[in-house]
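K.L.:
requesting a structural model of the entry that follows:
(one chain, ligands or ions: 2)
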Amino acid sequence: MIDHIPSIAAIVPAAGSGQRMASKIPKQYLQLAGKTVLEHSLHALTQDSRISKIYLALSAEDTFFSALQLQLPIPVIPVVGGASRAASVLAGVEQARLDGVAYVVVHDAARPCLQADELSKVIDVALTHPQGALLALPVADTMKRSDAQNAVRHSVKREHLWHALTPQVFALQPLLNALVSLGVDHPELTDEASAIELSGGKPQLVAGRRTNIKVTQPGDEQLADMYLKFFATERQG
Ligand SMILES: Nc1ccn([C@@H]2O[C@H](COP(=O)(O)OP(=O)(O)OP(=O)(O)O)[C@@H](O)[C@H]2O)c(=O)n1
Ligand SMILES: C[C@](O)(CO)[C@H](O)COP(=O)(O)O
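P.N.:
Numbers count the residues shown, from 1 in each chain. Ligands and ions are numbered 1, 2, ... in the order given. Okay, here's the model as predicted:
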């Protein structure tokens, strides 16, 4: 049980090239509900006052970030991202360690619809669970495993099956140790929880909202835009 407020920072990997989205500009800079995807994601992280700063991993070739006029109540510290998502996260975590941060809240730049209640819930759980926590969504549909020709091989029981989302929240040092010892090119390292799992840990799953989608493929941006407008209307009463 933690009886003081530890130093908590967010890490936002935003150095991806968005190949699946194949948009004219990188997907993190597409406009949704009056702001870029990235601005929505950063703003979402400021909704929990325990997060004191944000480390933002940008591509070394990024030409869009400098044009943004961020209006956030906490500092945003740019770091140079890497060739994989894990490498970009590691760049942020390494800088955060130098700054004495104790816990990191890793959140995809491409998830602009995160809501305050889910953010606070996953931080609450991570601070009391020794191996951290991540937002996730229980699988709702019947699941099938196929062969390479898309013929069904068999159904997969959906019980205890979840979609991993972000934020994913961990004590900084064990996450750093896991990323460094596995190596950021490890093929199974698609999120931070997998780094902890592959190192023998069992992070806690915390049910998030279905609206916390990752803008990944064409059409996702329209859905995210709709969710953001809905939440804005709801806040206005
Ligand atoms: N080298 C990379 C690759 C990804 N990301 C970030 O990780 C998040 C989740 O990744 P994903 O949706 O896969 O983004 P992309 O890698 O950009 O997309 P794609 O795989 O379609 O190229 C995004 O915010 C993305 O910017 C990153 O910081 N550095
Ligand atoms: C971290 C993540 O968003 C969890 O769903 C995901 O793993 C990001 O990477 P992907 O390349 O889109 O699988």
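K.L.:
please identify the buried residues of the helix or strand where Leu175 lies?
P.N.:
Leu175 is part of helix 172-182 when elements are defined by DSSP states H and E. Neighbour-count burial for helix 172-182 flags Leu172, Pro174, Leu175, Leu176, Ala178, Leu179, Leu182 (criterion: 16 or more other Cβ atoms under 10 Å). Every C-beta, even on glycine, is put in place using the N, C-alpha and C of the backbone.
K.L.:
and the fourth one, how far from Ile123?
P.N.:
The gap separating Leu176 from Ile123 is 19 Å, by Cβ to Cβ, to the nearest Å.
K.L.:
next: the second one.
P.N.:
Between Pro174 and Ile123 the distance is 16 Å, computed by Cβ to Cβ.
K.L.:
list the buried residues for the top helix by length along the chain?
P.N.:
Identified as the longest helix of the chain according to DSSP state H is helix 220-235. Using 16+ other Cβ under 10 Å as the test for burial, helix 220-235 gives Asp220, Glu221, Ala224, Asp225, Tyr227, Leu228, Phe231.
K.L.:
what about the closest residue to ligand 1 within the chain, how many neighbours?
P.N.:
For the chain, the residue closest to ligand 1 is Gly16, as judged by Cβ to the nearest ligand atom, at 2.1 Å. The number of residues packed around Gly16, counting by other Cβ atoms under 10 Å, is 20.
K.L.:
residue contacts, the closest residue in space to it that isn't next to it in sequence?
P.N.:
Nearest non-adjacent residue to Gly16, counting by Cβ to Cβ, 6 or more residues apart in numbering: Arg85, 6.8 Å away. Contact analysis of Arg85 by Cβ atoms under 8 Å, 6 or more residues apart in numbering lists Pro13, Gly16, Thr190.
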